[in-house]
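# Output the structure for:
(one chain, ligands or ions: 1)
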Amino acid sequence: MTSGREIAPNLEAAEAYIREASKAGADFVLTPENTPILEPRHDRLKAAVPGEDGHPALETFARLARELDIWLLLGSTAVQAEGDERLANRSYLFAPDGSVKARYDKIHMFDVNVPDGQTYRESATFRPGEQAVLTELPWGGLGMTICYDVRFAALYRQLAQAGASIITVPAAFTQFTGQAHWHTLLRARAIETGCFVLAPAQCGEHAEERRTYGHSLVVAPWGEVLADGGEAPGVTLAELDTARIDDARAWVPALQHDRGFTAPQPLKQREPEEA
Ligand SMILES: O=C(O)CNC(=O)[C@H](CS)NC(=O)CCC(=O)C(=O)O
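Just a heads-up that it's a prediction; the model follows:
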């Protein structure tokens, strides 16, 4: 998707793509980070999104999951956090009966000055999550993550060791970092975990000249890219053979070979004049 700063048209676009995916036979449909609103100006964002009660995206996704009888992941939406001035960047898994099966608040905040001139301070407005989330799909365990989390490999390893078979990484990766890192990071997380990695992505140009990388990806547990959505909005389809999980983990059982070890002694800080 290329989400803009108005909620209604974003939800209309999401609904059309979700219907298209379901019609094409999808049992599990996922949308990107910030599907309902991508608003770089955080004062406007805070004014535009409610808490969970009456949140228009939650109503839309619950209705579609039920009507189409699908598992549906709202990759993420900004939502007013409970008992806090800040927002949460929250991912929701809807069951085919329309109920919320699981929710996950993005743990790692994107506070980065991207060399293309854009500045991101997610933690200025968002309350970071504290809790990794593993839930269940009919096909196996589902680990829920969001975007910048993909750079923190330990989270993925813990999800896999706790039972994940599939890990979701809905994203709004920047064009600048995405073209350098996106495929490599997602393939590495799949290979390290022996999980399918599903990463629906924002693409194109958004408000305030924000550019996102696109390339919604489905990666197999052995690391192959099964589908790449390219640079334009649309539906990306893939078929998952869960036997691939057992194959990958049998061929290289690295998930079982973690060992405790002593941390390295940090190098001494050099004095400035020596540097
Ligand atoms: O433009 C926006 O407001 C939309 N972006 C987002 O909502 C989020 C948080 S600011 N983006 C990322 O996490 C990018 C990570 C990334 O790009 C990387 O890790 O390289």
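# Tell me where the stretch 51-200 of the chain has strands.
Using DSSP state E, counting those that start in this stretch, the strands found in the stretch 51-200 of the chain span residues 71-80, 87-94, 100-105, 111-113, 119-121, 133-137, 140-144, 164-168, 196-199.
# so of the ones you listed, which one's packed in deepest?
strand 196-199 (a mean of 28; mean count of other C-beta atoms under 10 Å). Glycine gets a C-beta too; all of them are placed from N, C-alpha and C.
# Who are the packing partners of that strand?
strand 164-168, helix 175-193, strand 217-219 (3 or more C-beta pairs under 8 Å, 6 or more residues apart in numbering; DSSP states H and E).
# chain center to that strand, what's the gap?
9 Å (C-alpha atoms, centre = their mean, to the nearest Å).
# What average pLDDT does it get?
Across strand 196-199, pLDDT averages out at 99.
# Quickly run through the sheet partners of it, with directions.
strand 164-168 (parallel), strand 217-219 (antiparallel) (DSSP bridges).
# so can I have CSV of the ones you listed showing distance to the ligand and mean pLDDT?
Below are the strands paired with strand 196-199 laid out as CSV (distance: least, C-beta to the nearest ligand atom, whole Å; pLDDT from 0 to 100):
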stretch, distance to the ligand, mean pLDDT
strand 164-168, 14, 98
strand 217-219, 14, 98
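# burial of the residue of the chain found nearest the ligand, as a residue count?
Nearest to the ligand in the chain, going by C-beta to the nearest ligand atom, is T177, at a distance of 3.1 Å. Residue crowding around T177 was assessed by other C-beta atoms under 10 Å; the count is 18.
# go on, P9?
P9, neighbours per other C-beta under 10 Å, totals 11.
# That one in helix, strand or coil?
Following DSSP: H, G, I helix; E, B strand; the rest coil, P9 is assigned to helix.
# still on that earlier bit, tabulate the strands paired with strand 196-199 (JSON lines), appending distance to T35.
Below are the strands paired with strand 196-199 laid out as JSON lines (distance: least, C-beta to C-beta, whole Å):
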{"stretch": "strand 164-168", "distance to T35": "13"}
{"stretch": "strand 217-219", "distance to T35": "17"}
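# right, and those - which one's nearest A26?
Among the strands paired with strand 196-199, strand 217-219 comes nearest to A26, with 11.4 Å by C-beta to C-beta.
# okay if I get the helices and strands packed on strand 196-199 as CSV plus distance to R151?
Listed next are the helices and strands packed on strand 196-199 as CSV, based on distance: least, C-beta to C-beta, whole Å:
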stretch, distance to R151
strand 164-168, 14
helix 175-193, 7
strand 217-219, 16
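# Of all those, which one is nearest R157?
Closest among these, using C-beta to C-beta: helix 175-193, at 6.4 Å.
# For the closest one, could you pull out the residues that count as buried?
Buried positions in helix 175-193, judged by neighbour count with 16 or more other C-beta atoms under 10 Å: 175-178, 181-183, 185-193.
# Determine the set of other helices and strands touching it.
Looks like helix 175-193 contacts helix 153-161, strand 164-168, strand 196-199, strand 211-213, strand 217-219 (3+ C-beta pairs under 8 Å, 6+ apart).
# Would you mark the buried spots in stretch 197-208?
Judged by neighbour count using 16+ other C-beta under 10 Å, the buried positions of stretch 197-208 are 197-204, 206.
# and the end-to-end length of that stretch?
End-to-end span of stretch 197-208 (C-alpha to C-alpha, to the nearest Å): 30 Å.
# next one: stretch 37-47
End-to-end distance of stretch 37-47: 12 Å, with C-alpha to C-alpha as the criterion.
# quick one: contacts of it?
When contacts are defined by C-beta atoms under 8 Å, 6 or more residues apart in numbering, stretch 37-47 is touched by residues 3-7, 10, 48-49, 77-78, 80, 87, 124-125, 172, 202, 206-208, 210.
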